[in-house]
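**Student:** sequence and predicted model, in that order:
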Amino acid sequence: MIARTTGAAIRGLLVALMVLTPALYLPTSTSNGTEIVVFLAILAFILTFSEYNSAFPSFIEFRDAPPVNRLRFVGLMSMVTFLTLICKNAYAPSDLTAVFYSIGLMVSSVVDFPYSPVRLVVLMLPGDASQPLVELVRISASIAYLAALVTIASFAYAVKLRGWPTGNGAFNVWTNLPLFDPTKGGDVVTRLQRDGRLNIAIGALLPFLIPAAIKLTAEFITPIALSDPQTLIWTLCAWAFLPASMIMRGMATLRIAGLIVEKRRSYSTAETTQIA
């Protein structure tokens, strides 16, 4: 009980710190921006603590199947930290921010090519955007997209080479997939495979579709003001992290479906042997 409560509190504090990171280093665009960020950090702490302190799952998937959520947190925290330092270089440059800005320039020269997701993010900016803003968006989008790819590759390594989740003991579908109802109808394996492929397909397309949708709707609604550094950070983190999280979920559900198939096959072989 004490270990679970302590672990939940540490997780909640880490999530709250992640929410606060941009506000601690960058200026806010509104007078009550600080109060809003503090409220969101407290809310994030409460939700995370209550989820991991409870013996019954609610909405967080793969709660007891590390390293899925750990990789998600590390990936998102890396995006937030790197983008905060890159944006801070425009307001209060230092040796540290200059290093991350230079790394961002090198990364953007590789991942920013015609028809790439990063190029689409740059093209969604209004035509009158200043050149420094365009360069900042290009560098930030490149770093966020690279962090998302590294996060996906790390989970793929855990699945393919480390045999996730078999190394963590028995996989409890109810605890780790609380939003999945195995009694809803149809074969569980078929549904898991369908959900997994759908998540991977949508996750792969979203980095292309989100900038296009924002560009198309810019004439009807007020576009997102990426000139504000905190808005820029959270917008690009959402653009890169949500698709990566969906792809990881798709890979995980396909892996679980494969384990169920293997278990069924082993049961069938054992029954055949006993009959023989």
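**Tutor:** Everything's here; your move.

**Student:** show me where the stretch 1-150 of the chain has helices.
**Tutor:** Chain-ordered helices for the stretch 1-150 of the chain, with DSSP state H, counting those that start in this stretch as the definition, fall at 2-25, 33-53, 68-88, 95-111, 117-123, 131-160.

**Student:** pretty sure residue 62 sits against residue 71.
**Tutor:** No - the pair residue 62 and residue 71 does not pass the contact test of CB atoms under 8 Å, sitting 10.0 Å apart. For glycine as for every other residue, the C-beta is placed from the backbone atoms N, C-alpha and C.

**Student:** and the nearest residue to residue 77 once chain neighbours are set aside, how many residues sit next to it?
**Tutor:** Using CB to CB, 6 or more residues apart in numbering and skipping the chain neighbours, the partner closest in space to residue 77 is residue 18 (5.1 Å). Counted with other CB atoms under 10 Å, residues neighbouring residue 18 total 18.

**Student:** with distance to residue 183 and mean pLDDT added, can I get the helices of the stretch 1-150 of the chain in TSV?
**Tutor:** What follows is the helices of the stretch 1-150 of the chain, written out as TSV (distance: least, CB to CB, whole Å; pLDDT from 0 to 100):
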stretch	distance to residue 183	mean pLDDT
helix 2-25	28	92
helix 33-53	23	90
helix 68-88	24	95
helix 95-111	44	94
helix 117-123	39	93
helix 131-160	27	95
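
**Student:** my guess is residue 118 contacts residue 112, does it?
**Tutor:** Yes - counting by CB under 8 Å, residue 118 sits close enough to residue 112 to count as a contact (4.6 Å).

**Student:** shared neighbours of those two, anything?
**Tutor:** Residues within reach of residue 118 and of residue 112 at once, by CB atoms under 8 Å, 6 or more residues apart in numbering, are 138, 141, 142.

**Student:** report the contact partners of residue 205.
**Tutor:** Residues in contact with residue 205 (CB under 8 Å, 6+ apart) are residue 243.

**Student:** same question for residue 224.
**Tutor:** Shown here is residue 224, whose contacts under the criterion CB under 8 Å, 6+ apart are 214, 231, 235.

**Student:** which of these has the largest number of neighbours?
**Tutor:** In the contacts of residue 224, the most neighbours by other CB under 10 Å go to residue 235, 22 neighbours.

**Student:** so who does that one touch?
**Tutor:** When the contact criterion is CB under 8 Å, 6+ apart, the partners of residue 235 are 224, 226.

**Student:** surely residue 254 and residue 198 touch.
**Tutor:** No - with contact taken as CB under 8 Å, residue 254 and residue 198 are classed as non-touching, separated by 10.7 Å.

**Student:** with neighbour numbers in mind, choose between the two.
**Tutor:** Neighbours were counted for residue 254 and for residue 198 using other CB under 10 Å; residue 254 has more, 19 against 13.

**Student:** host element of that one?
**Tutor:** Using DSSP states H and E, residue 254 sits within helix 229-275.
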